[in-house]
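Novice: okay, here's the prediction I keep looking at, along with the sequence it came from:
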Amino acid sequence: MNRKARQIISKAVRNNTLSKEEIILLLSCENSHNYDLFQAADLVRRRYLGNAVHLRGIIEFSNYCGRLCRYCGLRCANKSLQRYRMTADDIYKAAVDACVLGYRTIVLQSGEDAFYDADTIASLVRRLKELGLAVTLSLGERSYEEYRLWRKEGADRYLLKHETEDPLLYEKLHPDMNYTNRLNCLYWLRELGYQIGSGCMVGLPGQTPEMLAADVLLLKELDVEMAGIGPFIPNPSTPLATAAPGTADMTLKMVALTRLLLPRSHLPATTALVTLAGDGRERALCSGANVIMLNVTPLAFRDLYNIYPNKERADEAPAAGRRQIENTLSALGRPVAQNAGHSPKRKFRRAAG
C-alpha cells in the first residue's frame, strides 16, 4: 500500500472522517495491499467496542413478497419458489427456543408480506419483549403509523438496507420502488427512536467505486446503529441470474471503511459473505465486524428463504450452529457478548404513545 493510502488510513483512525475521493482511492488499491486497512479497522473496533461479538438470532418467518427486486429470489414474479408463512405461535416458539440457547436479540425478518398486519406484528413484539429480548424488525417499507405502533410496543431496532445510494441504479434494480421513499422510511424510523440499521450490496451490476464511496458516506450521514454490508450473489431465478457476483475482497474493504467512519456502530459478518468465501466470517471479524446473525428459523422452512442460493448452514439445527460459532470465536480470542448489544452511541427510550 502506497504512502498516500497509509496517510489516509491514519487520518481515518484519528478523526473517523474521509472524503469521497479518499474512500475511492482506498477502494481502488490492489487487494494484496489491504492489510493496513483491515488492521486499522480492527484497531478501531477494539478501541471503541472491545472484543466481544454479539450473536443475534434471526427468524425468517415468511418468504412471500410483493416486490419485484431484480436480484432477490423472494420476488413475487418467482413462480418456482415454494412459499411459506409461519404462524404467530410458531414464530414465538422459535424465539423461546433461541432465548434458551442464550440469544439476547431476536431479528424478525420476512419479505414484504402484507398478510401480517400491524396488529399481528405488534402482538409478536409485545410477547417477545416479555421474554426480556431485544427485538429487531426487518419487514421492509411500511407506513409511519405501523412503525410508530411497533416502536410503542417495544421494538428496539429496525433493519432497512438502502442497497445502493445511487438513485438511478436503485430504481433499475427495484422497478416498483422509489429511492426517495426508501430514505424517507429510514428518516421516519430515526424520528420514532429506533436504533436503525441500513447497508448495501457490493458488486451489483453497474456499480462503481464512486457509488460504493457514496454508500459509506450515506451510512455516516444517517449515523446508523448497524451497517450490514454483503456481496451481491446472483440467484438463478431472477433477471440477474447470469451477472457476476461481488467479491469478498471488495466487500471486506467496504466493511473496514465503514468501521473507520462509524467506530461505535455494529457491523455484522454477513451470511452472504460466508456463502461467497468460506473464511469470510473470520476475515470480516478481523476487519471491523463485531456481530454475527445466526439463523434460528425452524429447519422445515430454512431452505425456502432463498434470497440467494447456497446459503451457509441452511440445514444446521440452531443449537449446533451456535456451538460451531462459539468454537470459531474462541479460536479467534473473541468472547461472546452477554448483553443485548444496544447501541453505545446514544440512550434509547421506549417511545411515547
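Specialist: All right, it came through fine. Residues are numbered from 1 along each chain as shown.

Novice: ok, how many other residues are close to the closest residue to Asn31 other than its chain neighbours?
Specialist: Using Cβ to Cβ, 6 or more residues apart in numbering and skipping residues adjacent in sequence, the residue nearest Asn31 is Asp249, 4.3 Å away. C-beta: built from backbone N, CA, C; applies to glycine. For Asp249, the count of nearby residues is 16 (other Cβ atoms under 10 Å).

Novice: what's the distance between Asp249 and Asp303?
Specialist: Distance of Asp249 to Asp303, computed by Cβ to Cβ, to the nearest Å: 29 Å.

Novice: then Thr120?
Specialist: As judged by Cβ to Cβ, Thr120 and Asp303 stand 25 Å apart.

Novice: kindly report the same for Lys152.
Specialist: For Lys152 relative to Asp303 (Cβ to Cβ), the value is 35 Å.

Novice: so those two - more neighbours on which side?
Specialist: It is Lys152, of Lys152 and Asp303, that has more neighbours when counted by other Cβ under 10 Å, with 17 against 12.

Novice: Provide the secondary structure category for the residue nearest to Asn31.
Specialist: The assignment at Asp249 comes out as helix when based on DSSP: H, G, I helix; E, B strand; the rest coil.

Novice: wait, it touches Glu30, no?
Specialist: No - using Cβ atoms under 8 Å, Asp249 is not in contact with Glu30, being 9.5 Å away.

Novice: grab the nearest non-local neighbour of Cys200.
Specialist: In space, and not counting its chain neighbours, Cys200 is closest to Asp215: 4.2 Å by Cβ to Cβ, 6+ apart.

Novice: how about the one you found, what does it touch?
Specialist: Going by Cβ atoms under 8 Å, 6 or more residues apart in numbering, Asp215 touches His162, Thr164, Glu165, Cys200, Met254.

Novice: can you tell me which of those has the most neighbours?
Specialist: Result: Met254 is most packed of those (other Cβ under 10 Å), 30 neighbours.

Novice: what about that residue, which helix or strand?
Specialist: If you go by DSSP states H and E, Met254 is part of helix 248-261.

Novice: what residues does whatever helix or strand comes next after that helix touch?
Specialist: Later in the chain than helix 248-261, the nearest helix or strand by DSSP H and E is helix 271-276. Outside helix 271-276, the residues within contact range by Cβ under 8 Å, 6+ apart are 230-231, 233, 245-248, 251-252, 280-281, 283-284, 293, 295, 308, 310-312.

Novice: buried only: go through those for me.
Specialist: Neighbour counting by 16 or more other Cβ atoms under 10 Å classes 230-231, 233, 245-248, 251-252, 280-281, 283-284, 293, 295, 308, 311-312 among those as buried.

Novice: among those, name the ones in helices.
Specialist: Ala248, Thr251, Leu252, Gly280, Arg281, Arg283, Ala284 (DSSP state H).

Novice: and of those, the nearest to Ile91?
Specialist: Closest approach to Ile91 among these (Cβ to Cβ): Arg281, at 26.1 Å.

Novice: test my guess that Cys99 contacts Val135.
Specialist: No - counting by Cβ under 8 Å, Val135 is not a contact partner of Cys99; they are 11.7 Å apart.

Novice: between these two, what contacts are shared?
Specialist: Ile106.

Novice: re earlier: distance check, the residue nearest to Asn31 against Leu273.
Specialist: Applying Cβ to Cβ to Asp249 and Leu273 gives a distance of 11 Å.

Novice: try Leu124
Specialist: Distance from Leu124 to Leu273, counting by Cβ to Cβ: 29 Å.

Novice: ok, Gln207 next?
Specialist: Distance, Gln207 to Leu273, using Cβ to Cβ: 16 Å.

Novice: so between these two, which is more surrounded?
Specialist: The neighbour count for Gln207 versus Leu273, taken as other Cβ under 10 Å, is higher for Leu273 (26 against 20).

Novice: nearest residue to the more buried one other than its sequence neighbours?
Specialist: Gly280 (3.7 Å).

Novice: which residues does that neighbour contact?
Specialist: Ala248, Thr251, Leu252, Ala269, Thr270, Leu273, Val274.

Novice: now do the contacts for the fifth one.
Specialist: What that stands for is Thr270. Per Cβ under 8 Å, 6+ apart, neighbours of Thr270: Gly228, Ile229, Gly230, Gly280, Ala284, Met293.

Novice: wait, the second one touches Met254, no?
Specialist: In this case it means Ile229. Yes - in this structure, Ile229 is within contact of Met254 by Cβ under 8 Å, at 4.9 Å.

Novice: shared neighbours of those two, which are they?
Specialist: In contact with both Ile229 and Met254: Cys200, Val202, using Cβ under 8 Å, 6+ apart.

Novice: can you give me the pLDDT of the residue positioned nearest the centre of the chain?
Specialist: What sits nearest the mean C-alpha location of the chain, by Cα atoms, centre = their mean, is Gly228, with 3.1 Å. Looking at Gly228, its pLDDT is 97.

Novice: touching, Thr242 and Pro205? I think so.
Specialist: No - if you go by Cβ under 8 Å, Thr242 and Pro205 don't touch, sitting 9.8 Å apart.

Novice: who has more neighbours, those two?
Specialist: Set Thr242 next to Pro205 and count neighbours by other Cβ under 10 Å: Pro205 wins out with 15 against 9.

Novice: ok, how many other residues are close to the nearest residue to the more buried one once chain neighbours are set aside?
Specialist: Nearest non-adjacent residue to Pro205, counting by Cβ to Cβ, 6+ apart: Ala243, 4.7 Å away. Applying other Cβ under 10 Å, we find 18 residues neighbouring Ala243.
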